[in-house]
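Engineer: pasted the sequence and its predicted model underneath.
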Amino acid sequence: MQTVKMVVTGPFSSGKTEFIRSISEIQVVSTEKSLSKDTAEAAQKEATTVAMDFGRITVDDELTLFLFGTPGQRRFDFMWEILAEGMLGFIVMVDSSKPETFREAKTILETFRAYAPTPYVVAANKQDHPDAWKPEDLRIVLRLDPEVKLLPCIAKDRDSVRQVLLELLYTILEEMETN
């Protein structure tokens, strides 16, 4: 049995924890902390990841994916490099309905590319939201090269999450074949 470490990263409230919960075959190990009611973030959600989320999915008899979700807030970014160690690929989650987070998503993408030159995909999350930007528009604003896979996603939908993970696996395999 081979295990593959993948990291799910992105800005605060982009859907990282939900993404892992939707697909994990085990109860997700989560380090969520309640947000105090007087913070701006508390108006958006009740808890935030402070260290990591961990989930697992068995692809087949030979392959298991370990999914590590990063905290999205900058004050916990010291965990990013730790979680990036040993990853074979990563997913950058972008909340398609919150343009104010796009710059942060681009910064996180560049940070993870600097940690390790591993394959990655970008997941345009919340595509079911009425204000969601289309993936092709996100590609422009995030200044992604045409060869970077930018995938529509709904983190609450297991099939959508599965498709993003498969695309990352395909990207990893393509890179392994060319090297």
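Structural biologist: Done, it's in.
Engineer: where does pLDDT dip in the protein?
Structural biologist: 31-51 (pLDDT under 70).
Engineer: helices of that one, start to end?
Structural biologist: In the chain, the helices defined using DSSP state H lie at 16-23, 78-84, 102-115, 135-142, 158-178.
Engineer: now those as a markdown table including distance to F54 and mean neighbour count?
Structural biologist: From N, CA and C alone the C-beta is placed, and that goes for glycine too. Formatted as a markdown table, those follow (distance: least, Cβ to Cβ, whole Å; neighbours: other Cβ atoms under 10 Å):
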| stretch | distance to F54 | mean neighbour count |
| --- | --- | --- |
| helix 16-23 | 8 | 24 |
| helix 78-84 | 10 | 16 |
| helix 102-115 | 18 | 17 |
| helix 135-142 | 27 | 15 |
| helix 158-178 | 15 | 16 |
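Engineer: got these as TSV, with distance to L67 columns?
Structural biologist: Below are those laid out as TSV (distance: least, Cβ to Cβ, whole Å):
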stretch	distance to L67
helix 16-23	5
helix 78-84	11
helix 102-115	15
helix 135-142	22
helix 158-178	8
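Engineer: wait, which of these is closest to E62?
Structural biologist: helix 158-178 (12.5 Å; Cβ to Cβ).
Engineer: send me stretch 59-78 as PDB with only the CA atoms.
Structural biologist: Provided in PDB are the C-alpha atoms of stretch 59-78 (Å, rounded to 0.1, in the frame of the first residue of the first chain):
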ATOM      1  CA  VAL A  59      -8.400   5.100  -3.700                       C
ATOM      2  CA  ASP A  60      -7.800   1.300  -4.300                       C
ATOM      3  CA  ASP A  61      -5.900  -1.600  -2.800                       C
ATOM      4  CA  GLU A  62      -2.600   0.100  -3.600                       C
ATOM      5  CA  LEU A  63      -3.200   3.800  -3.000                       C
ATOM      6  CA  THR A  64      -4.300   5.800   0.000                       C
ATOM      7  CA  LEU A  65      -4.400   9.600   0.100                       C
ATOM      8  CA  PHE A  66      -3.700  11.500   3.300                       C
ATOM      9  CA  LEU A  67      -5.300  14.900   3.100                       C
ATOM     10  CA  PHE A  68      -3.900  17.700   5.200                       C
ATOM     11  CA  GLY A  69      -5.800  21.000   5.400                       C
ATOM     12  CA  THR A  70      -3.900  24.100   6.300                       C
ATOM     13  CA  PRO A  71      -5.200  27.000   8.400                       C
ATOM     14  CA  GLY A  72      -6.200  29.900   6.200                       C
ATOM     15  CA  GLN A  73      -5.400  32.800   8.500                       C
ATOM     16  CA  ARG A  74      -2.000  34.500   8.200                       C
ATOM     17  CA  ARG A  75      -1.400  34.300  12.000                       C
ATOM     18  CA  PHE A  76      -1.200  30.500  11.600                       C
ATOM     19  CA  ASP A  77       0.900  30.500   8.500                       C
ATOM     20  CA  PHE A  78       3.900  29.000  10.400                       C
END
